[in-house]
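Engineer: any chance you can model this:
(chains A and B)
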Protein chains: 2
Amino acid sequence: MTQLPISGKQQIGFSEAAAGRETFTSSNPQSGAENPWTFFEATEAEVNRALEAARAASETFAGMGGARRAQFLRTIATELEGIADLIVTAYTAESGLPEGRARGELGRTTGQLRAFADLAEEGSWIHARIDTALPERQPVPKPDIRKCLHPLGPVVVFGASNFPLAFSTAGGDTASALAAGCPVVVKGHPMHPATGELVARAITQAARETGMPDGVFSHLQGISHRLGEGLVSHPLTTAVGFTGSQQGGLALARLGQQRPVPIPVFAEMGSINPVVLLPSALEAASGWAQAYAQSVTLGAGQFCTNPGLLIAMESPALETFIKDLARAMAGIPASCMLHANISNRYKEVRGQLLAQEGVSLVSSGDEPVGPNRVPATVARVSGADFSANPRLQQEVFGPFTLVVACRDRAELQATLSGLEGQLTATLLGSDTELSEAGGLVSLLREKAGRVLFNGVPTGVEVCPAMQHGGPFPATTDGRFTSVGSDAILRWARPVAYQNCPQALLPGALRDANPLGIQRLVNGTYTRKPL
Amino acid sequence: MTQLPISGKQQIGFSEAAAGRETFTSSNPQSGAENPWTFFEATEAEVNRALEAARAASETFAGMGGARRAQFLRTIATELEGIADLIVTAYTAESGLPEGRARGELGRTTGQLRAFADLAEEGSWIHARIDTALPERQPVPKPDIRKCLHPLGPVVVFGASNFPLAFSTAGGDTASALAAGCPVVVKGHPMHPATGELVARAITQAARETGMPDGVFSHLQGISHRLGEGLVSHPLTTAVGFTGSQQGGLALARLGQQRPVPIPVFAEMGSINPVVLLPSALEAASGWAQAYAQSVTLGAGQFCTNPGLLIAMESPALETFIKDLARAMAGIPASCMLHANISNRYKEVRGQLLAQEGVSLVSSGDEPVGPNRVPATVARVSGADFSANPRLQQEVFGPFTLVVACRDRAELQATLSGLEGQLTATLLGSDTELSEAGGLVSLLREKAGRVLFNGVPTGVEVCPAMQHGGPFPATTDGRFTSVGSDAILRWARPVAYQNCPQALLPGALRDANPLGIQRLVNGTYTRKPL
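Structural biologist: Below you'll find the model as predicted:
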């Protein structure tokens, strides 16, 4: 493992840098031991250099067009695949997650990069609109007006701890921002800096190979809050992508708002992803208990769509379900979490939750052996006690779920009404019962970005229809998504051109439609030239 | 005029209310006299009632579908036309603007209502996306995921002083929010409360006629900041539309961010709309001097796209142009502004600007006679002095323009680089010169929401390609527009449905495509059913 080619340095455009005096290391959560690499904390001057390089690259990169950017993204995917074994070695050493998960996540990551490459190359995502002139119109002539999206400029991406690949250095935020035409400065997550460095080097290599401008990508490492704050506050930063804790997300969002020129901070801050078990689902519930237990404990429960809340009506069938669930959870070995900070936090918040009025422990796995192992936990509470105590909506990040047993349908609806914004909400029930559940669907739609039927919320498909962003506080801005092709829309804004000469228009808006994209021309969607 | 049927009351859903003890009046800017109507200041309880009624109407209204909402919007337009004479009487008495402007603006207002009716009826604006299931996919099956936009809920709209119809009670914000399916609570602008009341009554009448739910529209009046703050802070408010001053917009945006659940405040705060005169345009500039003078003084300069800044390179031709401009401005009679607050503010800010280092007065119209009349003004400054002093970027709301004479092309570019975000930016020049101006276009695109060529920025076309929203501080969120069909996108957010039974899907997402809308189905844009 010591043979991994890790320099510990910042990647700033095509150069490496390590002017900082502070250093840090990562640890292996499985053993608790320190990993054998040392990383330099990025300095303020390095932040400046990265953003100045990004800014300098902006116009060239934006002007390159979707096909060139697609080539860049696909080459990143190829480069990552070329060093897959190195990445998997670093990933498993830094995350404690198994090799299968590492390889699966690498596949998801390269898949995302290629999906955004396709999107950039196809080009219709920029929402081109053309309204041609009517010079004879009375009382005043109508001018020629055309509009499409343009990239914002340098984007700062915060790597997420729980997806060292798919939501980190080359994850969905980076892929979508590069696809949009924005240079990216990543703040690597300090729990997997070696993984981040290897990935950053692959991106830089791809940028060189495909002739991208120096500065299109930088990777800065650090454990201090100062680094993240400096990146969000930097005057050249135009937008921020973040996946992580509510506390961190809210702090960065506030910083983004308080700048002289405010910028959007897209923070995905997790949620407890309520699952409603309708009576019909309870009757045939033994299958659900197993599936639900798997979903709660998948990846040690460290997924943003981990179902932390199960809501049902009291009945003998619910008691049976809870027993089945407890049994299923008990059969799952204690999980190793990503880091001591995360496993300690799990124990702390779990303890706080179990100490709340009316909450009782249903089952807790065997006393775990080994560092960072935590017990998968089921707790229960009544609908009335849940609704009376907003602290019970706190996310316990990890393999934890709370069953809310409601006296009747009214209490169930009240429980749902009182929920905060969520990434997902799920309904489990028979087709007949679901067909009468229109009111519940409206309620869940108001609370969540994605409403699921007879499934579990973990597993976030990367596709055009995906919505991974719910009402506050699940995310800072539920109008956008951080997974799926619409994630690209976070990094662009529309610009209109009035009576602009053809030669000065972006290709997307020229009469001939040289990009062959879908456009709204005088009210009609078409790919035809004018 | 006393015969206008003005009650001075709040319109809360289908009821009137006037529980407040405080009252206020409007004045006639042409004479300075008070108008003969008294208006009640809305109380906190009335704010609550309006928002609770809006909330109660939300689900029914959202569920009604675009065709029903279109009928509502068209009936509002018809109702407004039915009382056009009353509206024009109130409008001219409260704004000091001439009857022709009133009738023109009424036409724009009804035109907007019908345009949003068409948009709602056609229905494709909700961005429907369908990705069908692949149950056989390895390693995991792909679920069926579908997504479209859903209305946010109750929207608060602030009437604007400078467009008593087109950006006020039944203006673009109200029309687009209703089209999206959001109930609206308007805070009427206190400079034209009688106009607002007449319009509100027409909306309420249309709501009754077309069977809309009680609470779909309310209209609250008041002069206190407390009223506006109460509306933005109210827990049931989901979004806010505002057009007005930077100070007001920033204060409301901050309130929107500081709520327990933050909401978007779309504030259009005006700008100075730079116009760049290239040398070739100067050579043939006499026409531009006339057109520019008209644009600066149109509506007493009280337009958000009023060109307050003209940037050119020093030359004998520029001196001739400035003389022509001064002559053209001098030939335009002194304007009556909307209100003493506005005319006083014009004099104050104009005075501050003229007192800045390096600024000299070029021409000021005749000493105006009569209340609220202000002199149209041209001032000049060097590029170096302009760039050194950010205060020169302050908007002088009214018939004022500042000419920035730059030593050379480099100084001109530096001047443009130093500009804040703008609603519009304009280039005037010959085709040949424009064809070489790619760098300038990139620069202006970065600064503005709309870039114009050989035209004046006043006159904001209502069409799909319009962008009326620029980078901060022109608006709080340059990713959205407050004019044109995309204005509807401010009031909705996407919701995805995973494995949802057909019967529970919104019509827009059902296999049969009952609405016949444009959808992205498995990556292809189509109106075909599945």
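Engineer: can you give me the helices in the stretch 1-150 of chain A?
Structural biologist: A:44-63, A:66-82, A:84-95, A:99-122 (DSSP state H, counting those that start in this stretch).
Engineer: kindly apply the preceding question to the stretch 351-500 of chain A instead.
Structural biologist: A:383-388, A:409-417, A:431-435, A:438-447.
Engineer: could you dump the first one to CSV, C-alpha only?
Structural biologist: What follows is the C-alpha trace of helix A:383-388 in CSV, where atoms were taken according to Å, rounded to 0.1, in the frame of the first residue of the first chain:
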residue,chain,number,x,y,z
GLY,A,383,-47.2,9.1,16.6
ALA,A,384,-48.2,11.5,19.3
ASP,A,385,-44.7,11.5,20.9
PHE,A,386,-43.0,11.9,17.6
SER,A,387,-45.2,14.8,16.5
ALA,A,388,-44.6,16.6,19.8
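Engineer: could I get the buried residue list for that helix?
Structural biologist: By 16 or more other Cβ atoms under 10 Å in any protein chain shown, the buried positions in helix A:383-388 come out as A:Gly383, A:Ala384, A:Asp385, A:Phe386, A:Ser387. Every residue, glycine included, has its C-beta placed from N, CA and C.
Engineer: doesn't A:Gly172 make contact with A:Ala160?
Structural biologist: No. Applying Cβ atoms under 8 Å as the test, A:Ala160 and A:Gly172 come out as separate, 9.7 Å apart.
Engineer: and these two? Which one has more around it.
Structural biologist: Set A:Ala160 next to A:Gly172 and count neighbours by other Cβ atoms under 10 Å in any protein chain shown: A:Gly172 wins out with 31 against 26.
Engineer: touching, the more buried one and A:Ala487? I think so.
Structural biologist: Yes. Under the criterion of Cβ under 8 Å, A:Gly172 is in contact with A:Ala487, at a separation of 5.8 Å.
Engineer: thinking again about what came up before, any chance of the helices of the stretch 351-500 of chain A in a markdown table, plus distance to B:Leu440 and mean pLDDT?
Structural biologist: Formatted as a markdown table, the helices of the stretch 351-500 of chain A follow (distance: least, Cβ to Cβ, whole Å; pLDDT from 0 to 100):
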| stretch | distance to B:Leu440 | mean pLDDT |
| --- | --- | --- |
| helix A:383-388 | 60 | 98 |
| helix A:409-417 | 54 | 96 |
| helix A:431-435 | 58 | 89 |
| helix A:438-447 | 47 | 93 |
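Engineer: could you dump those helices into a markdown table and include distance to chain B?
Structural biologist: Listed next are the helices of the stretch 351-500 of chain A as a markdown table, based on distance: least, Cβ to the nearest Cβ, whole Å:
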| stretch | distance to chain B |
| --- | --- |
| helix A:383-388 | 17 |
| helix A:409-417 | 12 |
| helix A:431-435 | 5 |
| helix A:438-447 | 5 |
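Engineer: got those as JSON lines, with distance to B:Gly100 columns?
Structural biologist: Formatted as JSON lines, the helices of the stretch 351-500 of chain A follow (distance: least, Cβ to Cβ, whole Å):
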{"stretch": "helix A:383-388", "distance to B:Gly100": "59"}
{"stretch": "helix A:409-417", "distance to B:Gly100": "52"}
{"stretch": "helix A:431-435", "distance to B:Gly100": "58"}
{"stretch": "helix A:438-447", "distance to B:Gly100": "46"}
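Engineer: which one, of these, ends up nearest to A:Pro235?
Structural biologist: A:Pro235 lies closest to helix A:438-447 among the helices of the stretch 351-500 of chain A, at 37.0 Å (Cβ to Cβ).
Engineer: CA atoms of that closest one as CSV?
Structural biologist: Only the C-alpha atoms of helix A:438-447 are listed here, as CSV (Å, rounded to 0.1, in the frame of the first residue of the first chain):
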residue,chain,number,x,y,z
GLY,A,438,-54.1,10.2,-3.5
GLY,A,439,-54.2,12.5,-0.4
LEU,A,440,-51.1,10.8,1.0
VAL,A,441,-49.3,11.3,-2.3
SER,A,442,-50.0,15.0,-2.3
LEU,A,443,-48.7,15.3,1.2
LEU,A,444,-45.5,13.3,0.5
ARG,A,445,-45.0,15.3,-2.7
GLU,A,446,-45.0,18.5,-0.7
LYS,A,447,-42.4,17.1,1.7
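Engineer: what sits up against that helix?
Structural biologist: Helix A:438-447 is contacted from outside by A:274, A:276, A:413, A:416-417, A:419-422, A:425, A:427, A:451, A:470-471, B:59, B:150, B:153, B:495, B:504, using Cβ atoms under 8 Å, 6 or more residues apart in numbering or on different chains.
Engineer: the residues you listed, buried ones only, as a ChimeraX selection?
Structural biologist: Selection of the buried residues among the contacts of helix A:438-447 in ChimeraX, burial being defined by 16+ other Cβ under 10 Å:
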select /A:274,276,416,419,420,421,422,425,427,451,470,471 /B:59,150,153,495,504
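Engineer: mind listing which of the contacts of helix A:438-447 are in strands?
Structural biologist: If you go by DSSP state E, the contacts of helix A:438-447 have A:Pro274, A:Val276, A:Gln422, A:Ala425, A:Leu427, A:Val451, B:His150, B:Val495 in strands.
Engineer: would you mind saying which of the helices of the stretch 1-150 of chain A lies nearest chain B?
Structural biologist: Relative to chain B, the nearest member of the helices of the stretch 1-150 of chain A by Cβ to the nearest Cβ is helix A:44-63, separated by 5.9 Å.
Engineer: by contact count, what packs against that closest one?
Structural biologist: strand A:10-12, strand A:145-151, strand A:184-187, strand A:217-220, helix A:225-233 (3 or more Cβ pairs under 8 Å, 6 or more residues apart in numbering or on different chains; DSSP states H and E).
Engineer: and it with helix B:438-447, angle?
Structural biologist: Comparing the axes of helix A:44-63 and helix B:438-447 via axes from the mean of the first three to the mean of the last three Cα atoms, to 10 degrees yields an angle of 110 degrees.
Engineer: for helix A:44-63, the distance to its chain's centre please.
Structural biologist: Chain-centre distance of helix A:44-63: 24 Å, with Cα atoms, centre = their mean, to the nearest Å.
Engineer: give me the buried positions along that helix.
Structural biologist: For helix A:44-63, the neighbour count (16+ other Cβ under 10 Å) marks A:46-47, A:49-59, A:61-62 as buried.
Engineer: try stretch A:9-19
Structural biologist: Buried, per 16+ other Cβ under 10 Å, within stretch A:9-19: A:Lys9, A:Gln10, A:Gln11, A:Ile12, A:Gly13, A:Phe14, A:Glu16, A:Ala17, A:Ala18.
Engineer: kindly reformat those residues as a markdown table containing pLDDT and distance to chain B.
Structural biologist: Listed next are the buried residues of stretch A:9-19 as a markdown table, based on pLDDT from 0 to 100; distance: Cβ to the nearest Cβ, whole Å:
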| residue | pLDDT | distance to chain B |
| --- | --- | --- |
| A:Lys9 | 98 | 32 |
| A:Gln10 | 98 | 27 |
| A:Gln11 | 98 | 27 |
| A:Ile12 | 98 | 23 |
| A:Gly13 | 98 | 21 |
| A:Phe14 | 98 | 24 |
| A:Glu16 | 97 | 30 |
| A:Ala17 | 97 | 27 |
| A:Ala18 | 97 | 33 |
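Engineer: just curious, which of those residues is nearest to B:Val362?
Structural biologist: For those, the nearest to B:Val362 is A:Gly13 (47.2 Å; Cβ to Cβ).
Engineer: related to what we said a few turns ago, out of the helices and strands packed on helix A:44-63, deepest packed?
Structural biologist: Most buried of the helices and strands packed on helix A:44-63, by mean neighbour count (mean count of other Cβ atoms under 10 Å in any protein chain shown): strand A:217-220, with a mean of 31.
Engineer: helices and strands around it, which ones?
Structural biologist: strand A:10-12, helix A:44-63, strand A:184-187, helix A:193-209.
Engineer: so for it, mean pLDDT?
Structural biologist: Averaging pLDDT along strand A:217-220 gives 98.
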